[in-house]
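> Sequence isn't available, so here's the structure alone:
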DNA sequence: GCGATACTTAAGCGCATGCTTCACCAACCT
DNA sequence: AGGTTGGTGAAGCATGCGCTTAAGTATCGC
């Protein structure tokens, strides 16, 4: 999932899909690479649950699926909150030590 | 940044750092791999701005830096919101079409 | 000073990734 | 029917990534 978002091209595809559904070729157009490569990226995104696709006739239409995005967002915010809460408890003290060390070292 | 969070071991390290600062060895302890490998992971996390480290004597102490996490969270939530807003506008209509197709195909 | 500890650095290795090409099928158009 | 368009699948290749070993440096404790 983070793996899927790790690639810039894949993020660009997600970006594009934010603005509405698109066919594979439409998705490929701005991406200076083969259709083959795009399909492979698409498979990764689909595997991560980030997009759903549907083939009508010979054209595959792709849409964002926000559930996976929501999960990622939650993972991050949980950890951030956890750390920030801990920081409130102990952090001020540690930051002070930090300052002392820097000032002592200078 | 997403690249940095893409690796499970790195995520585990982040998880560990949520619970408070740690030395490199502490970080390595649960991770069944060489100290070398851990340091390399750490370099990636530090490069992504996810952790800050500070060497005192011979021990390097690592802390989470939530700014990068915040940025990632924002990236995701912006895109999710964008898509969900668009979905509100056009989605109901498209979902209907979707249903029609499925029912028509069945 | 000397050994143990806590990293650090460099080199190397195997596997995963991202991409291409080529051959192919299926649907559309006329 | 036959060409064009949109997508699929399998190799193959080059690069990057995660990890290891091995050797080195700097600090700590005695």
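Okay, I see it. Given the structure is predicted, the values throughout are model-derived calculations rather than measurements.

> from here on, contacts and neighbour counts on C-alpha atoms
Noted.

> Provide a list of residues in contact with residue A:84.
Shown in contact with residue A:84 (CA atoms under 8 Å, 6 or more residues apart in numbering or on different chains): residue B:66.

> State the helix or strand in which it lies.
Per DSSP states H and E, residue A:84 falls inside helix A:66-86.

> and the direction of that helix versus that of helix B:66-86, what angle?
150 degrees (axes from the mean of the first three to the mean of the last three CA atoms, to 10 degrees).

> where along chain A do the strands fall?
Assigned strands in chain A, in chain order: A:22-23, A:51-56, A:59-64 (criterion: DSSP state E).

> that older thread, buried ones in the helix holding residue A:84, by neighbour count?
A:66, A:68-69, A:72-73, A:76-77, A:79-80, A:82-84 (16 or more other CA atoms under 10 Å in any protein chain shown).

> just stretch A:36-46 next, same as before
A:38, A:41-46.

> Is any residue of that stretch near DNA strand D?
Yes: against DNA strand D, stretch A:36-46 shows contacts by CA under 7 Å from any atom of the strand at A:36, A:39.

> which parts of chain A sit against DNA strand D?
A:23-26, A:35-36, A:39, A:55, A:58-61.

> Could you rerun that using 10 Å?
Neighbours of DNA strand D within chain A, by CA under 10 Å from any atom of the strand: A:3, A:6-7, A:22-29, A:34-40, A:42-43, A:53-62.

> Go back to those and keep what's next to chain B.
A:3, A:6-7 (CA under 8 Å from any CA of the partner chain).

> Check the gap between residue A:14 and residue B:72 for me.
Using CA to CA, to the nearest Å, residue A:14 is found at 14 Å from residue B:72.

> repeat for residue A:84
Taken as CA to CA, the span from residue A:84 to residue B:72 is 16 Å.

> shaky segments in chain A?
For chain A, applying pLDDT under 70 flags the ranges A:87-106.

> of all the residues in it, which ones are close to chain B?
Counting by CA under 8 Å from any CA, chain A sits next to chain B at A:1-7, A:15, A:17-20, A:64, A:66, A:69-70, A:72-73, A:76-77, A:79-80, A:82-84, A:86.

> can you narrow those to ones near DNA strand C?
Restricting the residues of chain A next to chain B to those near DNA strand C by CA under 10 Å from any atom of the strand leaves A:3-7.

> hmm, which of those are the buried ones?
For these, buried by 16+ other CA under 10 Å: A:3-6.

> Kind regards, and thank you for your time.
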